[in-house]
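Chemist: Next input, structure requested:
(chains A, B, C and D)
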Protein chains: 2
Amino acid sequence: MYLRMFKVITGEWERLWSTMARAADRLDAIREAHSLQSQSKNTDRMEDYLEVIYELIKKKGYATTVDISKHLSVSSPSVTKMLQKLDESGHLNYEKYRGIVLTEKGSEVAEGMHDKHNLLVEFLRMIGVKEEIANRDAEGIEHHLHPETLKKLTDFVRTAKKVRPR
Amino acid sequence: MYLRMFKVITGEWERLWSTMARAADRLDAIREAHSLQSQSKNTDRMEDYLEVIYELIKKKGYATTVDISKHLSVSSPSVTKMLQKLDESGHLNYEKYRGIVLTEKGSEVAEGMHDKHNLLVEFLRMIGVKEEIANRDAEGIEHHLHPETLKKLTDFVRTAKKVRPR
DNA sequence: TTTTAAGTTTAGCCCAAGCTAACAAACATA
DNA sequence: TATGTTTGTTAGCTTGGGCTAAACTTAAAA
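Modeler: Take a look at the predicted model:
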């Protein structure tokens, strides 16, 4: 297990290094950054995967194919495929048979989902929805919230907590 | 290659066979047939279509392909295809080049969506989200609500209206 | 009544995301 | 260290929903 982690970290570093070397060598750095940036077409599903990967890593330090597949009720080949896609899109670094590391970009997306999720669950709990259902529903909802809605909901929850503290 | 195919086909066939054997053996046949018939697996997208069709009919008395396509930002062939599917699934009666009539089943689904939509918009407006955004978000959310959540949200909105009437 | 324009449908394609079967790598244990 | 088990990946297929181009209907105008 430690071996696994060590390899992952090492691999990560090597990749980073070679990337930097290439970039420095030529002037592609700019174009590369740009293309990476504009290449961001997240689908809902990608967000789902990122979120569970993020949670798993937070909880256990790493995320395995099987774990991910279980949390999303999906087969492992589906997970592998999505991992490749997420690596491709720069949300994480994936080395096959080795492991996964979220990139900055990936973490941001994941954290965003995480926060929305929490907010929603908190709200739903407030109005009396049972934990489990709150979680399920939050999952369904969290993709479709306009920033304004998010803001207003946050405010609402905050003030509601003040008014009627639990 | 052929060997592979052979294996695949064989595997498939064996599975089918064992399935049938099981079914025939006991009385599952009925349940199985039933499950096939009531294969009413509404997808989110079907619900979207039904909802706008319902609204259009309510407003103008009929719903044309183009109108539907506009409201869903979708091409007309896509609409046609979905209409066929909805006819197939018994949600509406569709006569090509002629028109659409929602069936009982279709109306029920549509009204359900309609109600959820209203509820959500009402809530979002309450916490200060702008009409337009409320509508957009409601659309995204309405598919994923557990009955309990729905209930609780309804209660919440109702009591909130009493406490602080507008 | 013929011609044309608008609206609708069919044909045939694409893509995301899923699945199973088969294969490969990594890990654990004898 | 050889080997069996667990875990992960590749190949190849399926399905839903979308699109464009081309064909067809219907309705309106000439």
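Chemist: Could you tell me the average pLDDT over stretch A:105-120, please?
Modeler: Mean pLDDT, stretch A:105-120: 96.
Chemist: May I see the buried residues of that stretch?
Modeler: Buried residues in stretch A:105-120, defined by neighbour count with 16 or more other CB atoms under 10 Å in any protein chain shown: A:Lys105, A:Gly106, A:Ser107, A:Val109, A:Ala110, A:Met113, A:His114, A:Lys116, A:His117, A:Leu119, A:Leu120. The way it works is simple: take the backbone N, C-alpha and C, and place the C-beta from them, glycine included.
Chemist: The fifth one and A:Tyr54 touch, don't they?
Modeler: Yes. If you go by CB atoms under 8 Å, A:Ala110 and A:Tyr54 touch, sitting 3.5 Å apart.
Chemist: Mutual contacts of the two, please.
Modeler: Jointly contacting A:Ala110 and A:Tyr54 under the rule CB atoms under 8 Å, 6 or more residues apart in numbering or on different chains are A:Leu102.
Chemist: just so I have it, where are all the helices in chain A?
Modeler: Ranges of helices in chain A, per DSSP state H, are A:2-25, A:28-38, A:44-60, A:65-72, A:76-88, A:104-126, A:131-141, A:147-163.
Chemist: and the ones you listed as TSV, adding distance to chain B?
Modeler: Listed next are the helices of chain A as TSV, based on distance: least, CB to the nearest CB, whole Å:
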stretch	distance to chain B
helix A:2-25	33
helix A:28-38	23
helix A:44-60	10
helix A:65-72	16
helix A:76-88	16
helix A:104-126	6
helix A:131-141	3
helix A:147-163	5
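Chemist: Just tell me which of those helices ends up closest to B:Leu92.
Modeler: With CB to CB as the criterion, B:Leu92 lies closest to helix A:131-141 of the helices of chain A, at 25.6 Å.
Chemist: Now find how far off-centre the closest one is within its chain.
Modeler: Here helix A:131-141 is found 17 Å from its chain centre; the criterion is CA atoms, centre = their mean, to the nearest Å.
Chemist: now for it, which elements pack on it?
Modeler: helix A:104-126, helix B:131-141, helix B:147-163 (3 or more CB pairs under 8 Å, 6 or more residues apart in numbering or on different chains; DSSP states H and E).
Chemist: what's the angle from the second one to helix A:131-141?
Modeler: In this structure, helix B:131-141 runs at an angle of 110 degrees to helix A:131-141, with axes from the mean of the first three to the mean of the last three CA atoms, to 10 degrees as the basis.
Chemist: Helix B:131-141 near DNA strand D anywhere?
Modeler: No. Helix B:131-141 does not reach DNA strand D (CB under 7 Å from any atom of the strand); its nearest approach is 12.2 Å.
Chemist: Buried residues of that helix, list them for me.
Modeler: Under 16+ other CB under 10 Å, the buried positions of helix B:131-141 are B:Ile133, B:Ala134, B:Arg136, B:Asp137, B:Ala138, B:Glu139, B:Gly140, B:Ile141.
Chemist: do stretch A:78-91 as well
Modeler: Judged by neighbour count (16+ other CB under 10 Å), stretch A:78-91 contains these buried residues: A:Ser78, A:Val79, A:Met82, A:Leu83, A:Lys85, A:Leu86, A:Asp87, A:Ser89, A:Gly90, A:His91.
Chemist: With distance to DNA strand C and pLDDT added, can I get the residues you listed in a markdown table?
Modeler: Below are the buried residues of stretch A:78-91 laid out as a markdown table (distance: CB to the nearest atom of the strand, whole Å; pLDDT from 0 to 100):
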| residue | distance to DNA strand C | pLDDT |
| --- | --- | --- |
| A:Ser78 | 4 | 98 |
| A:Val79 | 8 | 98 |
| A:Met82 | 5 | 98 |
| A:Leu83 | 11 | 98 |
| A:Lys85 | 6 | 97 |
| A:Leu86 | 9 | 97 |
| A:Asp87 | 13 | 96 |
| A:Ser89 | 10 | 95 |
| A:Gly90 | 15 | 94 |
| A:His91 | 12 | 96 |
